[in-house]
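J.: dropping the sequence and predicted coords here.
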Amino acid sequence: MMRQVTKREGMIPTILGAVVTASAATLLRSRYKKTATGVLGFGLAHVVLGAIDLFGRRRAWKVW
């Protein structure tokens, strides 16, 4: 039996990604530009993957 996906499963990575992206954006002006760029990519990846969980697979996981 397939389980129902809750909104929280996509919301947590999206919010986490937004927080990490915002903190990395503030670090871009410091002397740690390479590290901030890597962290920025990590945050954006979480935003994208969370958005896929929120909107993309909604029909595939519904219980019959």
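T.: Alright, I've got the coordinates. Numbers count the residues shown, from 1 in each chain.

J.: and the one helix or strand in the chain whose mean pLDDT sits lowest, what does it pack onto?
T.: Least confident helix or strand of the chain, by mean pLDDT, DSSP states H and E, is helix 8-27 with a mean of 91. Under the contact criterion of 3 or more C-beta pairs under 8 Å, 6 or more residues apart in numbering; DSSP states H and E, helix 8-27 touches helix 33-51. For glycine as for every other residue, the C-beta is placed from the backbone atoms N, C-alpha and C.

J.: list the buried residues for the helix it packs on?
T.: The neighbour-count criterion (16 or more other C-beta atoms under 10 Å) identifies 36, 39-40, 43, 46-47, 50 as the buried residues of helix 33-51.

J.: now, which of these sits nearest residue 13?
T.: residue 50 (3.5 Å; C-beta to C-beta).

J.: you'd agree that closest one is up against residue 13?
T.: Yes. With contact defined as C-beta atoms under 8 Å, residue 50 and residue 13 form a contacting pair (3.5 Å).

J.: one step back: give me the contacts around the least confident helix or strand of the chain.
T.: 35-37, 39-40, 42-55 (C-beta atoms under 8 Å, 6 or more residues apart in numbering).

J.: repeat for stretch 35-42
T.: The contact list for stretch 35-42 (C-beta under 8 Å, 6+ apart) reads 20-21, 23-25, 27-28, 30.

J.: gap between it and the chain center?
T.: Using C-alpha atoms, centre = their mean, to the nearest Å, the distance from the centre of stretch 35-42 to the centre of the chain it belongs to is 13 Å.

J.: sorry, back to before: report the distance from the least confident helix or strand of the chain to the chain centre.
T.: Taking C-alpha atoms, centre = their mean, one finds helix 8-27 lying 6 Å from the centre of the chain it belongs to.
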